[in-house]
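1. below are the sequence and a predicted model for it; my questions follow.
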Amino acid sequence: MKPKKPSYFWLIAGLITLVLKILSAYSPELVETLYSRRVYLGIRMLFDVVSWFPVALMYLFWFLVIRFLIRRIRMRSSWTWVGSLAAVSNFVGAFVFAFLLLWGFNYSRVPVEKTMHLDLKPLDGPALAQAFATQTEKIIRLRDAIPGADASALTRSDFPADLEKELRSDLKASLASHHYPTVGRVRGRLLWPRGVFLRFSSAGLYWPFTGEGHIDPGLSPIQWPYVMSHEMSHGYGFADEGTCNFWAYLCCEQSKNSAIRYSGNLNYWRTLAAQYRRYYRDDFVNIRESLPKGIQADLDAINTAMLKYPDFIPDLQPRLYDAYLKSQGISEGMLNYDRVTMLVAAYEGKNAVK
């Protein structure tokens, strides 16, 4: 019997979507109108069908993938070089096709600063010093406003019991107030075991194949609001990391819960601090040591939690993710995370003028 001619359907589908993704970089307005605000909203509604699932769908996803691969391996007696090449090519093609269709085209949408009419400018030394001083005063004030907070680090009990639900409500309100659609019930899951992301220099992950955001439960609870709202921002159609940090900041900043407001501002303070320290290392040390004991305890708790899970392979994830971001058209790579400082400065400057 003549062997069946292998099909390359998924390889071709993947290549076509990849070409469309490359071309989409030249038409962000078209991507914004047709994909991000239409096609993607339909995809989000489909994900809502399974959003009730009691655990992260990531587990089910990898169970099915591993099961599929095991079945293919057991069929190795019928393998041929041509057939094997077709199978691998189709697998990669299907992955690319699904990734781009389910979410990846959002990398090419209109930048948030253009839609919101924000004038972004890099923060020089003096501007950064002013922003850092203002944010330092702010976190001191916000920490004092948390009921029952003392000189010890905040714990999970200081935050709402249904944190995910409250953050989603706050995030959707922030997005809607700036005329972005908020279709769907994006989940913010804890992905066990602890350290699953931290050991790869990450705090969380949005998985386009299940439509869910995830955070590492090994993080200090003080980080949960900011990181969870960041990952859920990805689910509402934003691929840019700095933009998701911006939405996470606004989500927490506009929350009615004092602990969430403090948490978001403290995490933003840490971003400013990392940049401020490059300019004024000695001054930073003095400021850090002069903070109220409660804030120092919170910062120590964050550092302690993250140090519990050292990288399996130091610097591997940052290098790989840097290359990935650049391949998606984000030229600054991992530095894109720090873009939030320009967005926040422009946003607050614009609103201060009103």
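-> Done, it's in.

2. contacting residues for the nearest residue to residue 123 once chain neighbours are set aside?
-> Nearest non-adjacent residue to residue 123, counting by C-beta to C-beta, 6 or more residues apart in numbering: residue 341, 5.7 Å away. Where C-beta positions appear, they are placed from N, C-alpha and C, glycine not excepted. Each residue near residue 341 by C-beta atoms under 8 Å, 6 or more residues apart in numbering is listed here: 123, 128, 131, 271, 272, 275.

3. can you pull out the helices in the stretch 251-354 of the chain?
-> For the stretch 251-354 of the chain, applying DSSP state H, counting those that start in this stretch gives helices covering 258-279, 281-290, 293-307, 316-327, 340-353.

4. buried ones among the contacts of residue 341?
-> The neighbour-count criterion (16 or more other C-beta atoms under 10 Å) marks 123, 128, 131, 271, 272 among these as buried.

5. list just the nearest of these to residue 174.
-> Proximity of the buried ones among the contacts of residue 341 to residue 174, judged by C-beta to C-beta, is greatest for residue 271, which lies at 18.2 Å.

6. let me know the pLDDT of the closest one.
-> Looking at residue 271, its pLDDT stands at 95.

7. same check, this time on residue 130
-> 95.

8. also the one 3 residues further on?
-> For residue 133, the model assigns a pLDDT of 97.

9. looks to me like it is in a helix.
-> Yes: checked against DSSP: H, G, I helix; E, B strand; the rest coil, residue 133 lies within a helix.

10. for it, give its distance to residue 108.
-> 37 Å (C-beta to C-beta, to the nearest Å).

11. looking at the two, which has the bigger crowd around it?
-> residue 108 (24 against 13; other C-beta atoms under 10 Å).

12. my guess is that one meets residue 25, correct?
-> Yes: between residue 108 and residue 25 there is a contact at 5.2 Å, judged by C-beta atoms under 8 Å.

13. wait, what's in contact with the residue nearest the centre of the chain?
-> What sits nearest the mean C-alpha location of the chain, by C-alpha atoms, centre = their mean, is residue 231, with 3.8 Å. Residue 231 sits next to 188, 204, 205, 206, 213, 214, 215, 244 when contact means C-beta under 8 Å, 6+ apart.

14. cool, residue 296 as well?
-> 288, 289.

15. quick check: it vs residue 253, distance?
-> 22 Å.

16. in three-state terms, label the closest residue to residue 98 other than its chain neighbours for me.
-> Among residues not flanking residue 98 along the chain, residue 209 sits closest, at 6.2 Å (C-beta to C-beta, 6+ apart). Three-state call for residue 209 (three-state DSSP): coil.

17. next one: residue 209 from residue 62, what distance?
-> Look at residue 209 and residue 62: by C-beta to C-beta, they are 10 Å apart.

18. looking at the two, which one has more neighbours?
-> Neighbours per residue, other C-beta under 10 Å: of residue 209 and residue 62, the larger number sits with residue 209, 16 against 12.

19. mind listing the strands for the stretch 151-300 of the chain?
-> For the stretch 151-300 of the chain, the strands defined by DSSP state E, counting those that start in this stretch cover 187-190, 204-207, 212-215.

20. partners of the last one, with directions?
-> The reference is to strand 212-215. Note on strand 212-215: by DSSP bridges, its sheet partners are strand 187-190 (parallel), strand 204-207 (antiparallel).

21. run the chain-centre distance for stretch 275-287.
-> Distance of stretch 275-287 from its chain centroid, counting by C-alpha atoms, centre = their mean, to the nearest Å, is 27 Å.

22. buried residues in stretch 267-282?
-> 267, 268, 269, 270, 271, 272, 273, 276, 277.

23. the last one and residue 287 touch, don't they?
-> Meaning residue 277. No: Residue 277 lies out of contact with residue 287 (C-beta under 8 Å); the separation is 9.8 Å.

24. returning to that earlier point: now, among the contacts of residue 341, which is nearest to residue 157?
-> The nearest one, if we look at the contacts of residue 341 relative to residue 157 and count by C-beta to C-beta, is residue 271, at 26.2 Å.

25. residues in contact with that closest one?
-> 245, 337, 338, 340, 341.

26. show me which pair in those residues is furthest apart.
-> Farthest apart among those by C-beta to C-beta are 337 and 341. That separation is 9.9 Å.

27. any stretches of the stretch 201-350 of the chain with poor pLDDT?
-> Scanning the stretch 201-350 of the chain for pLDDT under 70 picks out 315-327, 329-337.
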